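*Asks:* Give me coordinates for this.
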Amino acid sequence: MSEPASDVTTRVGDRTLALTNLDRVLYQATGTTKAEVISYYLQIAPVLLPHVADRAVSRLRYPGGVPAGLPRHDSGGSTPVPDGAFWEKNLPAGAPAWVPHQPVRTGDGVVDYVLVDEPATLVWLANLAALELHVPQWRVSSGVPGADGVLDLPDGEARPGEPLADRLVVDLDPGAGTGIVETARAALIVAGRLAQDGLLPVPQTSGSKGIQVYAALAPARSRDVWAYARALNAELAHRHPRLFVASMAVAARAGRVYLDYNQNLAARNTVAPYSLRSRERPTVATPVTWEEVGAVTGPGDLRFSPEAVLDRVRAHGDLAADLRMSDPPELPAATPV
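*Replies:* Residues are numbered from 1 along each chain as shown. Coordinates of the predicted model:
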């Protein structure tokens, strides 16, 4: 019996994959199909993989596609996603034997995370309609699993063998009435402050109106990175009260930008560079230049389609390459306000 026209068996590197329902529309507003999503992830793999390899990958899956008129949801998954979509952390049943994975003990129990270290794994996940890829700031190989093979995440106190963060993320979340123009201004201020501490800031648009500012670090405890980012939150809210807000309360954020330091906790994650986003129209979490951030004038700026991102990479390479520097700086000490 022959395969349906939208099903194929293909080779990606040394792997054989069965791809199904390739003509299924995964972005209803634009008619973007699963085949196009898979093609994007395969083409972007050379620059995406270095940012997700050796990290526990959480996925946001849309088997039925992203509906038109989709409301915004946050990157951490705490806001409910539409019916038919779901967050997935564990290795799914039926995964190929060659897909690497690592059990991690978290506050919710042991999670068997997928590790994405080759193009075939990206294609396999895309075939499962895993549109978004999210990763923590630590690497699996920096930790030491216990006798049971499980890697323990720290709670508050240090734990022997806990994985270490090799980057800091400042997640700028604009409140109601605040757009990309104000967020870009906030990102420039954050960049200047990180540079004062000897860090090299790397900006990334979230694919909506948020911006993340990353910086590579020599391996450090996630709790210490979190403490530094928390102090930065308080300092900037104190120095620039009309632009930044220190409170996590949604009502307090109106008209200002919240610096979310909690994304540096070991149990949290952020959208990976070059990941698709599950907005109404397909956009990409895209590394950008500081010149682009400084030139923002309207809501359409710093919003890139998959096609535009592939063109950018062909023209400029990986604009987040500084996150992979061979000799990153040490984490600065947290400075109380």
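
*Asks:* Poorly predicted segments of the chain, please.
*Replies:* 1-5, 70-83, 336-337 (pLDDT under 70).

*Asks:* Run through the helices of the stretch 51-200 of the chain in chain order.
*Replies:* In the stretch 51-200 of the chain, the helices defined using DSSP state H, counting those that start in this stretch lie at 119-127, 180-196.

*Asks:* Please identify the most buried of the ones you listed.
*Replies:* Neighbour counts (mean count of other CB atoms under 10 Å) averaged over each of the helices of the stretch 51-200 of the chain peak at helix 119-127, with a mean of 23. From N, CA and C alone the C-beta is placed, and that goes for glycine too.

*Asks:* hmm, who's touching that helix?
*Replies:* 12-15, 17, 19-20, 34, 37-38, 41-42, 45, 48-49, 57, 59, 95-96, 98-100, 114-116, 133 (CB atoms under 8 Å, 6 or more residues apart in numbering).

*Asks:* Same list (the helices of the stretch 51-200 of the chain) but as TSV, adding distance to residue 242.
*Replies:* Formatted as TSV, the helices of the stretch 51-200 of the chain follow (distance: least, CB to CB, whole Å):
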stretch	distance to residue 242
helix 119-127	42
helix 180-196	10
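
*Asks:* if I pick the closest residue to residue 64 other than its chain neighbours, what's in contact with it?
*Replies:* Among residues not flanking residue 64 along the chain, residue 84 sits closest, at 4.1 Å (CB to CB, 6 or more residues apart in numbering). Counting by CB under 8 Å, 6+ apart, residue 84 makes contact with 62-64.

*Asks:* Out of these, grab the one that's most surrounded.
*Replies:* Of all those, the highest neighbour tally under other CB atoms under 10 Å goes to residue 62, namely 22 neighbours.

*Asks:* all helices for the stretch 201-337 of the chain, in order.
*Replies:* Along the stretch 201-337 of the chain, counting by DSSP H, counting those that start in this stretch, helices occupy 222-239, 290-294, 306-316.

*Asks:* buried residues in the second one?
*Replies:* Yep, that's helix 290-294 we're talking about. Neighbour counts over helix 290-294 (16 or more other CB atoms under 10 Å) mark 292-293 as buried.

*Asks:* So which elements touch it?
*Replies:* Helices and strands touching helix 290-294, as assessed by 3 or more CB pairs under 8 Å, 6 or more residues apart in numbering; DSSP states H and E, comprise helix 180-196, strand 201-205.

*Asks:* And for the last one?
*Replies:* Packing contacts for helix 306-316, counted by 3+ CB pairs under 8 Å, 6+ apart, involve helix 34-52, strand 283-284.

*Asks:* Deepest in the core, which of these is it.
*Replies:* Buried most deeply of those, by mean count of other CB under 10 Å, is strand 283-284, with a mean of 24.

*Asks:* Centre of the chain to that strand, how far?
*Replies:* Chain-centre distance of strand 283-284: 12 Å, with CA atoms, centre = their mean, to the nearest Å.

*Asks:* Would you list the strands that it pairs with, along with their directions?
*Replies:* Applying DSSP bridges, strand 283-284 is found paired with strand 276-277 (antiparallel).

*Asks:* Run through who's touching the partner strand.
*Replies:* 37, 40-41, 131-132, 206-208, 271, 282-285, 306.

*Asks:* which one of these is nearest residue 258?
*Replies:* Among the contacts of strand 276-277, residue 206 lies closest to residue 258 (CB to CB), at 13.3 Å.

*Asks:* Distance-wise, check the residue nearest to the closest one when sequence neighbours are not counted relative to residue 51.
*Replies:* In this structure, residue 206 finds its nearest non-sequential neighbour in residue 285, 5.8 Å apart by CB to CB, 6+ apart. In this structure, residue 285 and residue 51 are 10 Å apart, going by CB to CB, to the nearest Å.
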